[in-house]
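# Have a look; sequence and predicted model below, questions after that.
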Amino acid sequence: MALDFWKGLLLVTGLALLAGFFLITHQRCFLLGRCAQVPTVKSSLLGIRLYREWAQDPIAFLEASARIHGGILRVRTIFSTTYWLTNKSLVRMFFYMGEDVWSYGDSLRLYLHRVAASGYFSHFHIWANVALRGLTRTDAQKYHRTVAARETSLALRHWSQRSDIQLFSSVSYLIHRIIVATILGSDFYENDLDRIYHLMLVIVKEANDSLSSYWPNWLYSSVNGHEAKLRLDQIFQDRLEQRERRLNVKSGDMDYLSFTVQDPTTAHLRGHFTMHFIVLWISIHKNTTSMVSWTLLELLKSPRRLNTLRLDLQHSDPLRSPVLSAYLNETHRHYSSASCVRISQKRTSLSSHPGAPRNEIPSLPDIPAGARVAISPYLIHHDPATWLLPQIYYPERWLEDVDLPQRLNTNRVANYLPVGEFDRSGGEMCHRVSAAVIAEVVRRSDIRWGGVGALQDTTSLDWRGWGAPWLRGDVRVKFEAR
């Protein structure tokens, strides 16, 4: 009886403290008089209701709020506050604000907080710099394209032997093979390819649980994700030890891991190689899978466009093909991510920024340290005030107006966010690999609908996770060798 009494008392006390903290954090801005002008469009004690609304349809969630409340709005739970920027001038500020002001690295740490290695994100600026240098080297770019073409050829051979395949999941595994071969090297590729894939799926599945991002670590732990990270650590340790034992043997590998091992800025950070790979895999894999899969699906829907691209690729390098470039740009626009988040590192005065839209929003707030600052690329790329027929996949717009990207982003506004605008190294690799894969598929195969004539939904977007959406439920297609 006494034990039950103390348990009950502890529970009531804990709930009272949480409620008190909730009231204090919700009233603090108004008491200080610093953000009274920001509409709080959504508010929830523990974030469960917000999670449900967001998971059901994040775009409808944001569209309705922005339509009512304008260019900046606030969403709060007891553990977090997010400022959504929908005004185009504020969106431009979002991208040009320094990492020391609004941090991209901290948003990745938030997404991966249940497996994040201690100390990795403290050196995030070093890793971002080495990734930019290592992944954009001329010889590395050529190697990425060679591997992408080789792996796509192998995949097509396998796919053509089956009655049909699931498009997104099959492309997902193909992109994983390319990532492991180019980022980690032939030893990982030959010995650990499938193990790494399944471990990454575990980590990503748990990171995609949106509810956990509203709760702190001590309330929401991940045994499976942590165990997957430890197994990846062991794989890296084993392979790197084997490489050290054969140092006297000259390696022909062009993999990025070899570059980081030899680079003086990261050679001493060996304990973080696994975490760096996880970050790169997440940055590259989902967006590249989305880019390739949606483009192929749109080409399947339009035989005329498929034939046009096939003819153009007979005479053009994939990276220089204006037709393929137009399709990649339109896929990026039409199937953009629902959100892009950064974490404020210090109190930021929006009104004092040179690009502030003072005429449109007279009372711009301060963004407090620790708050999340977010934009929606999808809403930006589907704004009817900017785009002709925004809800229609229309790649010809990029051929009809070759200066479209430059024309859209003038007068201190951001109406178009190019591939790699925020993550240059990962974005460029996504574009490079996507072009190589799609060119190989178009040149070497014909695409047909699968599913034995069954009606298939090709419009329901799956917004879960980091980056661009996939198709909910996937779609079955058939590849036939030409």
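Great, that's in hand.
# Now do the same contact list for the residue lying closest to Tyr327 once chain neighbours are set aside.
Excluding its sequence neighbours, the residue lying closest to Tyr327 (C-beta to C-beta, 6 or more residues apart in numbering) is Pro395, at 4.7 Å. C-betas here are computed from N, CA, C, even on glycine. Residues near Pro395 by C-beta atoms under 8 Å, 6 or more residues apart in numbering: 298, 305, 323, 326-327, 329-331.
# Just flag the most distant two among those.
Between any two of those, the greatest separation by C-beta to C-beta is 13.8 Å, found for Arg305 and Asn329.
# follow-up on the earlier one: so which of the contacts of Pro395 sit within helices?
If you go by DSSP state H, the contacts of Pro395 have 298, 305, 323, 326-327, 329-331 in helices.
# Just send the residues you listed back as JSON lines, with pLDDT, neighbour count and distance to Ile59 too.
As requested, the ones in helices among the contacts of Pro395 are exported to JSON lines (pLDDT from 0 to 100; neighbours: other C-beta atoms under 10 Å; distance: C-beta to C-beta, whole Å):
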{"residue": "Glu298", "pLDDT": "97", "neighbour count": "19", "distance to Ile59": "19"}
{"residue": "Arg305", "pLDDT": "97", "neighbour count": "19", "distance to Ile59": "26"}
{"residue": "Val323", "pLDDT": "96", "neighbour count": "19", "distance to Ile59": "29"}
{"residue": "Ala326", "pLDDT": "96", "neighbour count": "23", "distance to Ile59": "24"}
{"residue": "Tyr327", "pLDDT": "97", "neighbour count": "30", "distance to Ile59": "23"}
{"residue": "Asn329", "pLDDT": "95", "neighbour count": "20", "distance to Ile59": "20"}
{"residue": "Glu330", "pLDDT": "97", "neighbour count": "22", "distance to Ile59": "18"}
{"residue": "Thr331", "pLDDT": "97", "neighbour count": "25", "distance to Ile59": "17"}
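# Same list (the residues you listed) but as TSV, adding distance to Ala228.
TSV is the format used below for the ones in helices among the contacts of Pro395 (distance: C-beta to C-beta, whole Å):
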residue	distance to Ala228
Glu298	34
Arg305	40
Val323	41
Ala326	39
Tyr327	35
Asn329	35
Glu330	36
Thr331	30
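# Assign Ser316 to helix, strand or coil.
coil (DSSP: H, G, I helix; E, B strand; the rest coil).
# List the contacts of it.
Contacts of Ser316 (C-beta under 8 Å, 6+ apart): 322-324.
# Check Arg347 too.
Arg347 neighbours (C-beta under 8 Å, 6+ apart): 366-369.
# What about the residues you listed, which are in helices?
Counting by DSSP H, none of the members of the contacts of Arg347 fall within helices.
# For those residues, pick the one with the most neighbours.
Ile367 (26 neighbours; other C-beta atoms under 10 Å).
# Give me the neighbour count for the nearest residue to it once chain neighbours are set aside.
With C-beta to C-beta, 6+ apart as the criterion, Ile367 has its nearest non-adjacent residue at 4.3 Å, and that residue is Thr348. Thr348: 20 surrounding residues under other C-beta under 10 Å.
# Begin at 54, not 1, for the rest of this chat.
Taking 54 as the first residue, the last one we looked at is Thr401.
# doesn't Asp419 make contact with Thr401?
Yes. Taking contacts as C-beta atoms under 8 Å, Thr401 lies within contact range of Asp419: 6.5 Å.
# on that earlier part again, residues contacting the residue nearest to Ile420?
Taking C-beta under 8 Å, 6+ apart, we find Thr401 in contact with 150, 154-155, 419-420.
# any chance of these in JSON lines, with distance to Ile125 and pLDDT too?
Below are the contacts of Thr401 laid out as JSON lines (distance: C-beta to C-beta, whole Å; pLDDT from 0 to 100):
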{"residue": "Met150", "distance to Ile125": "14", "pLDDT": "89"}
{"residue": "Val154", "distance to Ile125": "16", "pLDDT": "93"}
{"residue": "Trp155", "distance to Ile125": "14", "pLDDT": "93"}
{"residue": "Asp419", "distance to Ile125": "12", "pLDDT": "90"}
{"residue": "Ile420", "distance to Ile125": "9", "pLDDT": "93"}
